[in-house]
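Enquirer: Give me coordinates for this.
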Amino acid sequence: MRWVVPLFLLGLALAGPCAERPYTLETEDGLLGGENLSYDGETLVFEGRACLEREGLLLETSALRYREGEGFQGEGLKGEAEGWALEAERLEGKGLRGVWLRKGRLVAQVEEVVLESPPKGKGVLLTTPAYRVRAEEAVFRQEEALLKGFLATPCPCGEDVRLEMREARFDPGTGELKGDARLGLYGLEIPLEDARANANRRPDLKVPLLLSASEAGGVALGVEDLPLPRPGEEVGAWPLRFTLLALRSEKETWGIRVGLREGRVGATLQAGLDAGIQAFWEDLFLSFIPYPEDATTPRLEARYAPTFRLGNLALRPFLRYAETQSAQGWTLGLEGNHRFSLQEGPFRLTLAPSLLLALYHPQKEAYAAFGGSLALAYQEGPLGLEGAYAGRYEPLGKTPLYAYEERDEFQTLSLRARYGGLSLGYTLENPLGNRLDRLEGGYEDPRLGAFRAGLFWGSYAEVRLGYAMPLPNRTCCEALWLAPEVGFGEGALSRYGLTLRYYDGCLAYELRFQNVLKGQYGEATGPRLAFSATLR
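Expert: Numbering: from 1, shown residues only. Alright, predicted model coming up:
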């Protein structure tokens, strides 16, 4: 017992929560403290707010036992380690077992944390907003964590899409991960030098394969916007993209498109069908298509269109030279829009006017379009009300010489009411032209799904019905989701469609089909099919 006294006196000189306890003991692993102290043979027992403290570490529990040479024993510990909030099932010797570490939105489950400086963990599972992360070992520091034997996946189940690193540096404040990595995609291994990822952001990983065909003979096959990773870039945010497509028109004319872009800089070369080249550099656009298939596509076009922003005001002047089969010359134009929003209690007002003006040389015509939107909304608890108007007018009454600045006229008035899962809305479109009235109602329940019914008055009266299943929980490793729709008009079937979605552990595959038998006004008729695959 003699060795306790000088250590006890030394502990009194230290500052901190443990130093304020009536009984303290300085050990090589930190300062022990408690409100009561007893001696059981060769074991010291601290009870009553017992604690263990050193720089970067604080543990508290009801009782801690200490034996020289063997370390500590305790259960149900809470505290802090290098800025991480800590909970542990028990303390054995110099190791914490069954540990939970939390920092911000990050939660780490660790099999064992060794009380070293800094603490070292083994068997780490880290839950973040975007990834599930596991590591063989981790060193927890105040500003970063060093992870070894690292693997992260954005998949709810399985690891078919994963990021592997031998050693990764993790910043818990920003969520950034750094290290040489391998990206695994369903059996493919893609090396990534000096890769970065962010645990708080889902990676933008899309299937670049494009395959589409129409009954009339149009075909597109190849890859579109295939990412080309480079060192130092964030996973999923690769700006360099490659496109290679084989195309066939409905007239059975073939073409090949090759493109490369990086952000707002890129070029596309096309041979055969619509042969030509297009290039853009920030606000500058150049295009040369020697033999366009229609009269509205420019053979030659050079356009400069920068954007200037001042608060909610955006101005986009443009200067362009273009040649088509029917016109050629210079265009000087300006497009602007402003957004104003006001919130007062449950009321919200939004106003967004817009204007476009184009002057042509040597032609003396001018083109103008102005419009905008106005919306007033009320939200109080489960009750929501909204009224909105949007429209655009072409006051000079002329069609623009080029498609770039064309802004078709339209008018839309809508009224909406929602209470809990019930909704009812009325929309009036184009009252001065092809008028379309829509009265739609719906009911949504998390367990039953979403039901929709609508009555449409346009070129003819039509009733549409739709249903969507509840979305599967992300904990479901495999699931099917269906959303059928059907329409009736003039005593016959007017349209039908189905959206089918299959979820596996990583991706959601969606197949959407719709066949419009009789459309409203100029609505395109016939079957349409679309396929996509995205991360869950």
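Enquirer: Ser423: what's it in contact with?
Expert: 416-417, 441-444 (C-beta atoms under 8 Å, 6 or more residues apart in numbering). (Glycine included, C-beta is placed from N, CA and C.)
Enquirer: Ala19 falls within a helix, correct?
Expert: Yes. Ala19 sits within a helix when classified using DSSP: H, G, I helix; E, B strand; the rest coil.
Enquirer: Just the pLDDT for it.
Expert: Ala19 is assigned 85 on the pLDDT scale.
Enquirer: from memory it sits against Gly34, does it?
Expert: No. Using C-beta atoms under 8 Å, Ala19 is not in contact with Gly34, being 12.0 Å away.
Enquirer: the more surrounded of the two?
Expert: Set Ala19 next to Gly34 and count neighbours by other C-beta atoms under 10 Å: Gly34 wins out with 26 against 16.
Enquirer: The more buried one reaches Leu52, doesn't it?
Expert: No. At 10.0 Å, Gly34 does not count as touching Leu52 under the criterion of C-beta under 8 Å.
Enquirer: Between the two, which contacts overlap?
Expert: With contacts taken as C-beta under 8 Å, 6+ apart, Gly34 and Leu52 have Leu64 as neighbours in common.
Enquirer: State the next helix or strand along the chain beyond the worst-scoring helix or strand of the chain on mean pLDDT.
Expert: Sorting the helices and strands of the chain by mean pLDDT, DSSP states H and E puts helix 4-12 at the bottom, at a mean of 38. For helix 4-12, the succeeding helix or strand toward the C-terminus, using DSSP states H and E, is strand 23-27.
Enquirer: Which strands border that following strand, and is each parallel or antiparallel?
Expert: If you go by DSSP bridges, strand 23-27 pairs up with strand 30-34 (antiparallel).
Enquirer: Show me which residues of the strand it pairs with are buried.
Expert: Of the residues in strand 30-34, those buried under the neighbour-count criterion (16 or more other C-beta atoms under 10 Å) are 30-34.
Enquirer: How about residues contacting that strand?
Expert: 11, 14, 16-26, 44, 46-54, 57, 63-64, 66, 115.
Enquirer: What subset of these is buried?
Expert: Buried positions within these, assessed by neighbour count (16+ other C-beta under 10 Å), are 11, 14, 16, 18-19, 21, 23-26, 44, 46-47, 49-54, 57, 63-64, 66, 115.
Enquirer: Now stretch 58-65: average pLDDT?
Expert: 90.
Enquirer: How about Arg438: what's its closest non-neighbour residue?
Expert: Sequence neighbours aside, Thr427 is the residue nearest to Arg438 in space, at 4.4 Å (criterion: C-beta to C-beta, 6 or more residues apart in numbering).
Enquirer: wait, what's in contact with Ile436?
Expert: That one is not Ile; residue 436 is Leu. Leu436 makes contacts with 427-430, 456-458, 520-521, as judged by C-beta under 8 Å, 6+ apart.
Enquirer: And these, which is closest to Phe410?
Expert: Using C-beta to C-beta, Asn430 is the member of those that sits closest to Phe410, with 6.0 Å.
Enquirer: Next, the most centrally placed residue in the chain: secondary structure please.
Expert: Geometric centre of the chain, nearest residue: Arg202, 5.9 Å, by C-alpha atoms, centre = their mean. Classification of Arg202 by three-state DSSP places it in coil.
Enquirer: Next, the contact list for Arg438, please.
Expert: Arg438 neighbours (C-beta under 8 Å, 6+ apart): 425-429, 454-456.
Enquirer: what's the helix or strand for it?
Expert: Using DSSP H and E, Arg438 sits in strand 436-445.
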